[in-house]
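Student: fold the following and give me the result.
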Amino acid sequence: MIRIADSPTEVSVAAASFRSVPTPLLTPLGQNDAETFLAAANPTLNLAFSVQAKGDPIPLVTVYDAKTGEMVTPQDTPVTNATPSVSGSAVVVSTRALSVAHSGNYLVVFGNALGKATTNLVSVGIFPEMVAPAVASTIPPNPTVPTLLGPVPSGGSNVVLSVVSAHGPSVSYQWFKDGSEISRATNATLPLPGFSFPQIGTYSVQVSNPLTGSSLPADRLRGTAVSGGFTPVLPVSVALSQTNLLGPSGTAASLEIQLSGALTGRAQLQRWDDTAQAWLDAGAIFPVTVPPLPAAWSGAGTFDLDVSAGGGRASFSVGTPNLLPSMTGNYRVRVVQLTSSGGVELAGTERLTPFQVSVTSGAALSVPSSAPTPVEDGGTWVAGSVPGVDMTVAASAYSAVDLAAYVSVSGFPAPVFRWERQVAPAAGAVHAGSSTPTPPTRASTGWWPPMPSEGPTGCPRPSP
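Tutor: You can find the predicted model right below:
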């Protein structure tokens, strides 16, 4: 009897993954619009093919790498129960794991014992499951809050964000600012030239591969991942309306403190204390005047301003309705940057801005109200009880007397005064006028102190 062999007909092929342990499990792969089978890489699974065909004799299935011609199945696999009119089915498990290196085209050959064959070309794409990308920046993270970058150096510095992690082939990128896509930002790097306030925001990047086109929802999720958010921060700078708060005693004075930059600035007013040799809180000396109450220094002596909410600027004023001489001194405004009002203080953001307070007062001269104890061979200083009176000094001949030691001068700025000799009243009488608080010299008075060649009142000394 002569038998006419039929070629395998009505063949169909679907790529799948196969797990042999603990129990055999065949899982169909999804496809994209181009009918390429897609799989997430998993070295514990093998690439397999679920096939169907009709034929007599029973079709035998063999799979080859279309590029190299290498046979990737250990043996021919029969399509059981196949007849010329009934489709049989089989699972053909390859020797290849689901790894990225095994993506490509495969030839699935249906043959039979009499040499008839039909070939199907199957495309398989295997891609890694996406994980959140690692992002590097030209501006280092803040040590306190690593998701904040900087502060960025002032002066229009360039900020560049870059994906530095590997994500396999056919990766696409999309950058976001505050959750919204940035137009045309589809490279592994995102340059932010001349970084300024309008560019402030939280930046992230999404990486994707062709798994996002799979017909299987689970694989679509495996094909994309988003990085954490990174926020470049502008530093807070401080400007004062004046650097010398100057005014007469008893008058009002105020100082405007303006912050620029981003986030929240925390300001503190401090004064140098000579006794403590330290900067101490000075909020009680100059209360907050603008904004009006209830704005005030906190119990810790600080005042927070939301600089970002003000478009990169915020200000407040401090002052007093009554300047006092005791307020004169060296002051500074200390400002640090916070993540938010009451939030964490960022490392490296302290700014110190000095200013002075100078309270002027009228000049005053005070003298002893009673005569001091006589000094042997030194004479006695006799003074009145009010400033400006005549004073008399009796001193040994050729001796030097420090007149400044007997006079106290007050007033701010320091008054200028001079010593004058009163010639008319009596020999040796000296008139106290106004001058700088230094001992008189021959150059300034023309007569004091006497020189060895002169007489006791500053006149030329007679010859022996």
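
Student: P354 bridge partners, please.
Tutor: R332 (DSSP bridges).

Student: so it versus L211, what's the distance?
Tutor: Distance, P354 to L211, using Cβ to Cβ, to the nearest Å: 60 Å. Backbone N, C-alpha and C define where each C-beta goes, glycine included.

Student: looking at those two, which one has more neighbours?
Tutor: Taking other Cβ atoms under 10 Å, P354 and L211 do not tie; L211 has more neighbours (28 against 12).

Student: how near is that one to V91?
Tutor: Distance from L211 to V91, by Cβ to Cβ: 23 Å.

Student: ditto for K177
Tutor: 49 Å.

Student: and what of A253?
Tutor: From A253 to V91 the distance is 91 Å (Cβ to Cβ).

Student: neighbour count: those two, which is higher?
Tutor: Taking other Cβ under 10 Å, A253 and V91 do not tie; A253 has more neighbours (19 against 14).

Student: if you skip the residues just before and after it, what's nearest to that one?
Tutor: G247 (4.8 Å; Cβ to Cβ, 6 or more residues apart in numbering).

Student: for the one you found, name its beta-bridge partners.
Tutor: V359.

Student: buried ones in stretch 209-216, by neighbour count?
Tutor: Neighbour-count burial for stretch 209-216 flags 209-214, 216 (criterion: 16 or more other Cβ atoms under 10 Å).

Student: again, but for stretch 159-170
Tutor: For stretch 159-170, by 16+ other Cβ under 10 Å, it's 159, 161-163, 167-168.

Student: can you tell me which of those are in helices?
Tutor: Among the buried residues of stretch 159-170, DSSP state H puts none in helices.

Student: dump those residues to JSON lines, plus pLDDT.
Tutor: Converted to JSON lines, the buried residues of stretch 159-170 look like this (pLDDT from 0 to 100):
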{"residue": "V159", "pLDDT": "96"}
{"residue": "L161", "pLDDT": "97"}
{"residue": "S162", "pLDDT": "98"}
{"residue": "V163", "pLDDT": "98"}
{"residue": "H167", "pLDDT": "95"}
{"residue": "G168", "pLDDT": "94"}
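
Student: and of the residues you listed, the nearest to V290?
Tutor: Nearest to V290, judged by Cβ to Cβ, of the buried residues of stretch 159-170 is V159 at 34.5 Å.

Student: just give the nearest non-adjacent residue to that closest one, would you?
Tutor: That would be L192: by Cβ to Cβ, 6+ apart, it lies 4.2 Å from V159.

Student: show me the helices in the stretch 201-350 of the chain, by range?
Tutor: Assigned by DSSP state H, counting those that start in this stretch, the stretch 201-350 of the chain shows helices spanning 217-222.

Student: quick one: the strands in it, in order.
Tutor: Under the criterion DSSP state E, counting those that start in this stretch, the stretch 201-350 of the chain contains strands at 203-208, 224-226, 231-232, 237-240, 244-248, 253-260, 264-273, 278-281, 288-290, 302-306, 313-320, 329-338.

Student: and what of the stretch 51-200 of the chain?
Tutor: 60-65, 77-78, 88-98, 104-111, 117-127, 135-137, 148-149, 159-163, 172-177, 180-181, 189-192.

Student: pretty sure L216 sits against G30.
Tutor: Yes: shown here, L216 and G30 form a contact pair, counting by Cβ atoms under 8 Å, at 3.5 Å.

Student: can you check which residues contact both of the two?
Tutor: Residues within reach of L216 and of G30 at once, by Cβ atoms under 8 Å, 6 or more residues apart in numbering, are L38.

Student: neighbours of A53, how many?
Tutor: 25.

Student: any idea how far V124 is from it?
Tutor: When A53 is compared with V124 (using Cβ to Cβ), they lie 20 Å apart.

Student: and for S137?
Tutor: 38 Å.

Student: ok, now N244?
Tutor: From N244 to V124 the distance is 79 Å (Cβ to Cβ).

Student: A295 now?
Tutor: Taking Cβ to Cβ, one finds A295 at 68 Å from V124.

Student: the more surrounded of these two?
Tutor: V124 (20 against 14).

Student: which one is the more buried one nearest to, not counting chain neighbours?
Tutor: Nearest residue to V124, sequence neighbours excluded (Cβ to Cβ, 6+ apart): F37, at 4.8 Å.

Student: and the nearest residue to T36 once chain neighbours are set aside, what pLDDT?
Tutor: Of all residues not flanking T36 in the chain, S123 sits nearest, at 4.3 Å (Cβ to Cβ, 6+ apart). We have a pLDDT of 98 for S123.

Student: hmm, back to that, output the buried residues of stretch 209-216 as JSON lines; include the columns pLDDT and distance to I182.
Tutor: What follows is those, written out as JSON lines (pLDDT from 0 to 100; distance: Cβ to Cβ, whole Å):
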{"residue": "N209", "pLDDT": "98", "distance to I182": "20"}
{"residue": "P210", "pLDDT": "98", "distance to I182": "23"}
{"residue": "L211", "pLDDT": "98", "distance to I182": "23"}
{"residue": "T212", "pLDDT": "98", "distance to I182": "19"}
{"residue": "G213", "pLDDT": "97", "distance to I182": "23"}
{"residue": "S214", "pLDDT": "98", "distance to I182": "26"}
{"residue": "L216", "pLDDT": "97", "distance to I182": "30"}
